[in-house]
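**Student:** Sequence isn't available, so here's the structure alone:
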């Protein structure tokens, strides 16, 4: 069987737009796999928020990130794409960062050109390193991988602080340095996305999409067909499941507090809660039963 990186490259270069939901824990990863998706983006913000309780502002380090990814890859068949922030240092650090994510069982890892400590792409106050320094990081990432098909995704955050022309220039520099996939974060208009897609090599551009809620300024919400027609290779929805999880917990707790704690009522709300059996089915309980049975005399 082809390596995970090779499988991901084939999907990126297929005519159909590749959809990558964002995952961040066992629940979200199991769910995305169950629904039939082939790949998923591991949300660095999602890991930071769910495991450390802090926003995506550079609080999480390499070890916490890669170990979380290793845990997801250990049980999932998804082609997981990691988010390694800035690579946690210079080109030398990037070399070992890439080794770590590849050894953890992922298909891809993303390195960005923000200055450390980084910020989530749509936060104010971002700054970027010099393009030539990022080129060295990309070259180090390419050199580090053991599988030549392990996907190196290079991200630029230059569109906001330095303008779209600089973002496009950087993406092409990163592609020339050996990146397999490109990502320009925080593009603010449909025209920006179209222009970037026309200006970089085909089959390489990933864009992030939101789902169901917008707060300006942010990337406009476009349909998969619109993105595909523009020449975008992959659409990632990194925040959808984290935001849905928090809203779901808020809704359940609101009912719990108003109906159970205040009114002293017994409440059955299958619209708010999956059953114990559904959780067990999702999380692979039957696999454990089958294994245990196979080991019994």
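**Tutor:** That came in fine, so what should we check first? Model, not experiment: these values are computed from the prediction.
**Student:** The residue nearest the centre of the chain and residue 280, how far apart?
**Tutor:** With the centre of the chain defined as its mean C-alpha position, the nearest residue by CA atoms, centre = their mean is residue 41, 2.8 Å away. Residue 41 sits 27 Å away from residue 280, going by CB to CB, to the nearest Å. To be clear about C-beta, it is placed using only N, CA and C from the backbone, and glycine gets the same treatment.
**Student:** cool, and residue 105?
**Tutor:** 25 Å.
**Student:** More neighbours: which of those two?
**Tutor:** residue 105 (16 against 13; other CB atoms under 10 Å).
**Student:** what's the distance between that one and residue 75?
**Tutor:** From residue 105 to residue 75 the distance is 10 Å (CB to CB).
**Student:** mind listing the helices for the stretch 101-250 of the chain?
**Tutor:** 131-144, 159-162, 164-176, 190-199, 224-230, 240-255 (DSSP state H, counting those that start in this stretch).
**Student:** Show the pLDDT at residue 58.
**Tutor:** Per-residue pLDDT puts residue 58 at 89.
**Student:** and it, backbone torsions?
**Tutor:** Main-chain torsions, residue 58, degrees, to the nearest 10: phi 80, psi 10.
**Student:** Tally up the residues packed near it, please.
**Tutor:** With other CB under 10 Å as criterion, residue 58 counts 18.
**Student:** From residue 65, how far out is it?
**Tutor:** Residue 58 is 11 Å from residue 65, by CB to CB.
**Student:** Also residue 267?
**Tutor:** Counting by CB to CB, the gap from residue 267 to residue 65 is 38 Å.
**Student:** related to what we said a few turns ago, between residue 58 and residue 65, which contacts overlap?
**Tutor:** residue 85 (CB atoms under 8 Å, 6 or more residues apart in numbering).
**Student:** Ramachandran coordinates for residue 21?
**Tutor:** Given degrees, to the nearest 10, the pair of backbone angles that residue 21 has is phi -60, psi 150.
**Student:** tell me the domain boundaries of this structure?
**Tutor:** 4-245, 251-295 (automatic domain parsing).
**Student:** ranking these by burial, who's on top?
**Tutor:** Mean neighbour count, computed with mean count of other CB atoms under 10 Å, is highest for domain 4-245 among those, reaching a mean of 19.
**Student:** Can you check the distance spanned by that one, start to finish?
**Tutor:** 28 Å (CA to CA, to the nearest Å).
**Student:** Renumber starting at 13 from here on
**Tutor:** All set: I'll call the first residue 13, so the last point we hit is now domain 16-257.
**Student:** okay, and for the stretch 13-162 of the chain, where does confidence drop off?
**Tutor:** 133-137 (pLDDT under 70).
**Student:** Spell out the residue ranges of the strands in it.
**Tutor:** Assigned strands in the stretch 13-162 of the chain, in chain order: 30-35, 51-54, 91-95, 120-124 (criterion: DSSP state E, counting those that start in this stretch).
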